[in-house]
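[1] Mind looking at a prediction? Sequence and model below.
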Amino acid sequence: MASQIPVSAPPSGGTDTDGAIKTYTMEQLKEHGSKESLWMLLHDKVYDVTRFMDEHPGGDEVMLEEAGRDATEAFEDVGHSDEARSMLPKMLLGDFQGQKTSKKKTDPYPTAAKTIQSEKSKITWLIPVAVVGAYLAWRVFLA
Ligand code: HEM
């Protein structure tokens with residue numbers, strides 16, 4: 001049996017009463033960022049995944065982590081199957097409009113990388129000093 005999502009009040013299917021596609025903003029998306037109501041932004045479309053969260057094979061936590069931002073990258077990184085993608089139209093609310101916030105960070109470890117770099121240059125500088133110091137100590141010891 002194909003798994004069914006219990007839908008007591010299904011989403012509008014992406015259109016309003018006139019049949020026009022609804023659009024949503026980041027502000028609206030952020031208002032629905034909890035377990036009680038979770039909307040998700042995928043490929044410039046907004047989905048209501050509230051009821052699906054409990055059934056998600058990847059768990060609800062990963063979905064909640066994508067609340068209020070563009071979840072496209074996270075969704076694609078997992079390599080979701082065609083079956084997973086076929087579930088999306090049922091949850092579609094409408095199109096997204098406006099500026100997006102994504103998880104992508106340009107420089108995740110800037111400070112750590114710099115610290116490692118400066119530690120490395122310290123070691124490079126210390127080796128010849130230690131060698132010369134050891135040589136001099138040896139000479140003094142022999143004298
Ligand atoms: C409405 C959006 C989503 C739907 C319909 C969905 C659906 C599914 C389905 C059906 C699977 C089973 C494997 C497959 O068929 O590909 C799955 C697995 C998974 N999903 Fe999603 N997913 C959604 C969003 C997300 C997001 C935003 C994340 C965030 C990272 C995510 C993370 C995962 C992970 C990690 C698994 C693997 C679970 C495992 O095999 O242990 N999913 N999802």
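    Right, received. Where do you want to start? Numbers count the residues shown, from 1 in each chain.
[2] per-residue pLDDT, the residue of the chain found nearest the ligand?
    Relative to the ligand, the nearest point of the chain is residue 58 (2.5 Å; CB to the nearest ligand atom). C-betas here are computed from N, CA, C, even on glycine. pLDDT for residue 58: 97.
[3] The one 5 residues further on now?
    Confidence at residue 63, expressed as pLDDT, is 97.
[4] Report how many residues lie close to it.
    Residue 63 has 20 neighbouring residues, counting by other CB atoms under 10 Å.
[5] likewise residue 41?
    23.
[6] I'd like the next helix or strand past the helix or strand hosting residue 63.
    Applying DSSP states H and E as the criterion places residue 63 in helix 60-65. Counting by DSSP H and E, the next helix or strand C-terminal to helix 60-65 is helix 72-78.
[7] measure stretch 21-32 end to end?
    Using CA to CA, to the nearest Å, the end-to-end distance of stretch 21-32 comes to 19 Å.
[8] Just confirm the residue of the chain closest to the ligand contacts residue 79, I think it does.
    No: when contacts are counted by CB atoms under 8 Å, residue 58 is not listed as touching residue 79 (11.3 Å).
[9] More neighbours: those two, which one.
    Between residue 58 and residue 79, counted using other CB under 10 Å, residue 58 has the larger neighbour count: 12 against 7.
[10] How about the secondary structure of the residue of the chain closest to the ligand?
    Classification of residue 58 using DSSP: H, G, I helix; E, B strand; the rest coil returns coil.
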